[in-house]
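[1] using only what follows, build the 3D model:
(2 chains)
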Amino acid sequence: MFFPISNSEINPLYLVVVGFLIGILGGFFGVGGSFIAGPALRLMGVDWNYAVGTDLAHIVGKSIVAARKHRTLGNVDLKLGLLMAIGTIGGAEAGAQAIQALKRAGNVNTVVSWVAIFVYFSISVFMLWESRKTLKLHKGSSRQLLSDTKAAESKADHSAFGPVTKRIQGIRIWPMVSLPTSGIQEISLWTILLVALIGGFFSGFLGGGAGYIRMPSMVYVLGIPTHLAVGTDLFEIVISASYGTFTHAIKGNVDILIALVMHTGAVIGAQIGVVATQYFAGPKIRLAFVPLPLIGVAIVLYTLLTGHKL
Amino acid sequence: MKKDSATSLRVFAIELAIYAVLVTVYFFLVLHLLGNWLYRLETQHRIIYAVVAILLIAGQAVLLDALTTLLFRILRRWR
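    Presented below is the predicted three-dimensional model:
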């Protein structure tokens, strides 16, 4: 099928399947999936600028569907999502400025690649350690959660990193906000904004929505239960990806027809992913998350070692 | 409990099937009715194109989701 806007010929079935797979990941883990979608479009000969912009456009639609579904399951903290959107947009701009500075210095590719490898790998190792330790500590209760759907529906969560999270929540820098939906009585607004700013920075610096950084940060730093972190992250992605789509479309980087085909598969996958979260306890979702950043590491290492851009 | 889970999964599967049909129809309608117009818009009026692009993708998500729920309710009442 010929897509005139990006001047590319792609099998629509391929786009639907890619969208479907990314949709499942998005619904289940609360990530945009740009680390797969970008290279997948590039593989079909779509120019890199169109791959980035079109990917963002399809993420908007998929995240709307997944966030709506998560909301019906009580997994979205709207107040937290809106606060985080402010920090994310600011951080994304800072990340883009850092890229511009590295471009001027002439070493953007090497620095970004090594930062990406370090960040992705660290997240995977940390989450592997934490989720395994938590599952070991709460073996009985975790099994009970899985065997009882009603119990799994309660958003109670455990983390081996819990004591550190409690100490972070105890930092009292005015203004303090309460997040009743997430079960947090009081937390400094600055802690929330800082987490969002860091997530946004990596979104602007490494590309994509940076859900692979924001979702774990919400769990470990802010102490948000995993199911709520996934849903709220998706809600936040709707805002930040819409902003990204708009700016990329103005610059001529969005093929909306490709995005609509990908979206056809993505919305189906996203709904399946969202429903699947109901059958897994928080630490199991976090353990299953571990390979995702490693896929990012593999892609970056491949481009770094071979010089080919996927 | 198992029966409840099976029923809710079946309901979800039917809802998903209706939704899959609607999103596919939506795409072909957009392609057939707006394909050339979108191409011209992208080359001549980028800001309008950016707004239309977001509306089209959000519309596919929100409107079709609402339509699916409505159709599903009608189907249940009909049965």
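[2] show me which residues of the stretch 101-250 of chain A are close to chain B?
    Neighbours of chain B within the stretch 101-250 of chain A, by C-beta under 8 Å from any C-beta of the partner chain: A:149, A:242, A:245, A:246, A:249, A:250. Quick note: C-beta positions are derived from backbone N, CA and C, even for glycine.
[3] what's the following helix or strand after the helix or strand harbouring the second one?
    Remark: residue A:242 resides in helix A:226-250, with elements defined by DSSP states H and E. Sequence order places helix A:256-277 as the next helix or strand after helix A:226-250, per DSSP H and E.
[4] how about that next one: buried residues?
    Neighbour counts over helix A:256-277 (16 or more other C-beta atoms under 10 Å in any protein chain shown) mark A:256-275, A:277 as buried.
[5] so which of the residues you listed also contact chain B?
    Subset of those in contact with chain B: A:256, A:257, A:259, A:260, A:261, A:263, A:264, A:267, A:268, A:271, A:272, A:275, counting by C-beta under 8 Å from any C-beta.
[6] that older thread, are any of the residues of the stretch 101-250 of chain A next to chain B buried, and which?
    Among these, those buried by neighbour count (16+ other C-beta under 10 Å) are A:242, A:245, A:246, A:249.
[7] which residues in chain B form strands?
    Ranges of strands within chain B: none, based on DSSP state E.
[8] next, format the ones next to chain B among the buried residues of helix A:256-277 as CSV and append pLDDT and distance to residue B:14.
    Output for these, formatted as CSV (pLDDT from 0 to 100; distance: C-beta to C-beta, whole Å):
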residue, pLDDT, distance to residue B:14
A:256, 93, 30
A:257, 93, 29
A:259, 93, 27
A:260, 92, 24
A:261, 91, 24
A:263, 89, 21
A:264, 88, 18
A:267, 86, 16
A:268, 88, 13
A:271, 87, 12
A:272, 90, 14
A:275, 88, 13
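[9] so residue B:27 is in contact with residue A:262, correct?
    No. Applying C-beta atoms under 8 Å as the test, residue B:27 and residue A:262 come out as separate, 10.1 Å apart.
[10] reformat the ones next to chain B among the buried residues of helix A:256-277 as CSV; add distance to residue A:224.
    What follows is these, written out as CSV (distance: C-beta to C-beta, whole Å):
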residue, distance to residue A:224
A:256, 33
A:257, 37
A:259, 30
A:260, 32
A:261, 34
A:263, 28
A:264, 31
A:267, 25
A:268, 27
A:271, 22
A:272, 23
A:275, 21
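[11] what's around residue B:75, how many residues?
    Other residues near residue B:75 come to 12 when the count uses other C-beta atoms under 10 Å in any protein chain shown.
[12] need the contact list for it.
    By C-beta atoms under 8 Å, 6 or more residues apart in numbering or on different chains, the residues touching residue B:75 are B:14, B:18.
[13] quick check: the gap between it and chain A.
    Distance, residue B:75 to chain A, using C-beta to the nearest C-beta, to the nearest Å: 18 Å.
[14] can you list the residues of chain B near chain A?
    Counting by C-beta under 8 Å from any C-beta, the residues of chain B that sit close to chain A are B:1, B:4-5, B:12, B:16, B:19-20, B:23-24, B:26-27, B:30-31, B:35, B:38-39, B:42, B:46-47, B:49-54, B:56-58, B:60-62, B:64-65.
[15] which residue, other than its chain neighbours, is closest to the residue of chain A found nearest chain B?
    Chain A approaches chain B most closely through residue A:249 (3.4 Å), counting by C-beta to the nearest C-beta. In this structure, residue A:249 finds its nearest non-sequential neighbour in residue B:50, 3.4 Å apart by C-beta to C-beta, 6 or more residues apart in numbering or on different chains.
[16] likewise for residue A:51?
    Leaving aside its sequence neighbours, residue A:51 sits nearest to residue A:41 (C-beta to C-beta, 6+ apart; 4.0 Å).
[17] looking at it, the one you found is touching residue A:55, isn't it?
    Yes. Checked against C-beta under 8 Å, the pair residue A:41 and residue A:55 is within contact range at 6.5 Å.
[18] okay, these two: which has more neighbours?
    Shown here are residue A:41 and residue A:55; by other C-beta under 10 Å, residue A:55 has more neighbours (35 against 29).
[19] the more buried one touches residue A:38, doesn't it?
    Yes. Counting by C-beta under 8 Å, residue A:55 touches residue A:38, with 5.4 Å between them.
[20] what's the overlap in contacts for the two?
    Common contact partners of residue A:55 and residue A:38 (C-beta under 8 Å, 6+ apart): residue A:208.
[21] if we can go back for a sec, so the residue of chain A closest to chain B is in contact with residue B:53, correct?
    Yes. The pair residue A:249 and residue B:53 qualifies as a contact (C-beta under 8 Å) at a distance of 5.1 Å.
[22] common neighbours of those two, please.
    Common neighbours of residue A:249 and residue B:53 (C-beta under 8 Å, 6+ apart) are A:57, A:256.
[23] what number of residues lie near the residue lying closest to residue A:29 once chain neighbours are set aside?
    Leaving aside its chain neighbours, residue A:29 sits nearest to residue A:289 (5.4 Å; criterion: C-beta to C-beta, 6+ apart). Residues contacting residue A:289 under the criterion other C-beta under 10 Å number 25.
[24] hmm, who's touching stretch B:62-74?
    In contact with stretch B:62-74 (C-beta under 8 Å, 6+ apart) are residues A:64, A:65, A:68, A:267, B:14, B:15, B:18, B:19, B:22, B:23, B:26.
[25] identify the residues contacting the residue nearest to the spatial centre of chain A.
    Against the mean C-alpha coordinate of chain A, by C-alpha atoms, centre = their mean, the closest residue is residue A:211 at 1.7 Å. By C-beta under 8 Å, 6+ apart, the residues touching residue A:211 are A:26, A:29, A:30, A:31, A:32, A:233, A:237.
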